[in-house]
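Visitor: Let's see this in three dimensions:
(one chain, ligands or ions: 1)
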Amino acid sequence: MKSSLKTKFKKISGWGKTNLASVEIINPKTIKEIENIIINSPPKSIIARGMGRSYGDAAQIQGGTILKLNNFKEIFANYNSNEITAQAGVSFEEILEVIIPKGYFLPVTPGTKKITLGGAIAADIHGKNHHQDGSFGNHVKRIRLTNGMGKTITLSPNNENKEFFWATIGGMGLTGIIIDATFSIIPIETSYIEEETTRCKNIEVLIKEMSEIDTKYKYSVAWIDSMHNDFRGILSCGNHAKISKYNNSKNIKDLSFKHKAKANIPDILPNNIMNKFVIKIFNQLWYLKSPKTRKKKKLKSINNFFYPLDAINNWNNIYGKKGFLQYQIVVPLEHSAMIKKILVKLKGINALSFLPVLKKLGKPNKSYLSFPISGWTLSIDLPANNKEVESLLNEIDKEVAHIGGRIYLAKDSRQSEYIFKKTYKLLNIWQEKKRILDPKKIFKSDIAIRLKII
Ligand SMILES: Cc1cc2nc3c(=O)[nH]c(=O)nc-3n(C[C@H](O)[C@H](O)[C@H](O)COP(=O)(O)OP(=O)(O)OC[C@H]3O[C@@H](n4cnc5c(N)ncnc54)[C@H](O)[C@@H]3O)c2cc1C
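Guide: The predicted structure is shown next:
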């Protein structure tokens, strides 16, 4: 699109640094500008982009236009009604800087705070509390969206627009540009999490323990040692720490939220730095760092508990120029055995992976394309451009699809159209809503082309 607005032309990719796209980037300043860009653009030419933390090709369109909402960063907090209205370009980090000192936290957060509100809604992100609180979309009360006709509309889960609301939650930016949204926030007494960690000697024990803590802890997640024969792991559970319990401690009254990345990974690392030796040592240290038996609970800062990876800037460079992929699947609860099967298969070809993450997901919401279903979700970082890994993942995809599982679109860079269409069963209904919101098919992304979503 030829625009009088300031534009930059750039090669971009997702966080996994695969699937490069050459795009024009526009940073509009007003809603009117966004509307005009949409009205004057040809079909299949625009997609929104947040902070580019989705791993694959969701926030790009080869040869097309990227709309970045860097100029849309206002936050209006209403602490009386426990809710926030924020513009879509604001990051979770920026929201947390405002609300934590006032005694509030996000209803759902992923494993990084370096994402935008727009990206959180479009991917309907989930966190360590999905088993209790569902995904981010469950807590959104209103969205303003500029649709494919360049018209800005208000969507809510409770009015006559509710189907378009749920098509936008998890809709991967394909229903329009999210301008701002209102969502609920939760009160906290301190900026600490009371964490309990448990070493589990194998994957079966890990799954059993995790199933049992559902009601006791708001947050839970597990890391698996994928290089270990029995796939031992560490289960980490937590609740927000309460002042009443820590009356005599000075620090616990603290509602501060300070964060500085401690390290930076340059983008000149060789591709083979991720060798078996490095990963084995890393996984071993991680396991030994946790107490042998269940111990007195430990206080962790919000940054250390939720965002350990944010301590290293550009950690995605560690895989070198070839990049990496994150394989995140979910399988229904009754198919927990599939998790071990996947780990065995990957170990069988010596696929190198830092600690895979396991999480139990709760009920899905009413959206059509969101990832979470009740079940077990496993996320594994793997080197990209490796034929053996790719062909094994193709085989695993089929097994996951066969038992009613699916792959997370915000992490995906490689699944086939066949697997996607077999596993996202509400796609047809979503497509009907898309046709109404965007009849000229203005919004398109590389993932939408690869999977023929539209
Ligand atoms: C270290 C790390 C940990 C993560 N942990 C988790 C996790 O625990 N749980 C989880 O669910 N996800 C997780 N993710 C994935 C991440 O939360 C999502 O990919 C999120 O969408 C990224 O937000 P973003 O602002 O970077 O969006 P981008 O990656 O830039 O875009 C993602 C999607 O949102 C759309 N989008 C962005 N802004 C708008 C807008 N204004 N209007 C319309 N559409 C828009 C884009 O078109 C694209 O489809 C993690 C990612 C990383 C790198």
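Visitor: The residue in the stretch 151-300 of the chain positioned nearest to the ligand: what secondary structure?
Guide: Closest residue of the stretch 151-300 of the chain to the ligand, CB to the nearest ligand atom: residue 173 (2.5 Å). Every C-beta, even on glycine, is put in place using the N, C-alpha and C of the backbone. When classified by DSSP: H, G, I helix; E, B strand; the rest coil, residue 173 comes out as coil.
Visitor: Only the buried residues of the host helix or strand of residue 420, if you could.
Guide: Using DSSP states H and E, the element containing residue 420 is helix 417-423. Of all the residues in helix 417-423, those buried under the rule 16 or more other CB atoms under 10 Å are 419, 420, 422, 423.
Visitor: how about low-confidence regions in the protein?
Guide: Applying pLDDT under 70 to the chain picks out residues 1-8, 247-253, 261-262, 268-274, 293-296.
Visitor: who's in contact with the residue nearest in space to the middle of it?
Guide: Central residue of the chain (CA atoms, centre = their mean): residue 125, 4.8 Å from the mean position. Residue 125 is in contact with 108, 109, 110, 115, 119, 135, 136, 410, counting by CB atoms under 8 Å, 6 or more residues apart in numbering.
Visitor: so can I have CSV of those showing distance to the ligand, neighbour count and secondary structure?
Guide: Shown next, in CSV, are the contacts of residue 125 (distance: CB to the nearest ligand atom, whole Å; neighbours: other CB atoms under 10 Å; DSSP: H, G, I helix; E, B strand; the rest coil):
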residue, distance to the ligand, neighbour count, secondary structure
108, 8, 24, coil
109, 8, 23, coil
110, 3, 22, coil
115, 3, 22, coil
119, 2, 30, helix
135, 7, 29, coil
136, 8, 30, helix
410, 4, 27, coil
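Visitor: Now flag whichever of the residues you listed is closest to residue 334.
Guide: Closest approach between these and residue 334, by CB to CB: residue 135, at 21.3 Å.
Visitor: tell me the phi and psi of that closest one?
Guide: phi -100, psi 180 (degrees, to the nearest 10).
Visitor: same check, this time on residue 77
Guide: Dihedral angles (degrees, to the nearest 10) for residue 77: phi -100, psi 140.
Visitor: One more: the one 3 residues further on?
Guide: Dihedral pair for residue 80: phi -70, psi -40, per degrees, to the nearest 10.
Visitor: And residue 179, by the same measure?
Guide: According to degrees, to the nearest 10, residue 179 has phi -90, psi -50.
Visitor: my guess is it meets residue 33, correct?
Guide: No. At 11.4 Å, residue 179 and residue 33 do not qualify as touching, with contact defined as CB atoms under 8 Å.
Visitor: Good, wrapping up.
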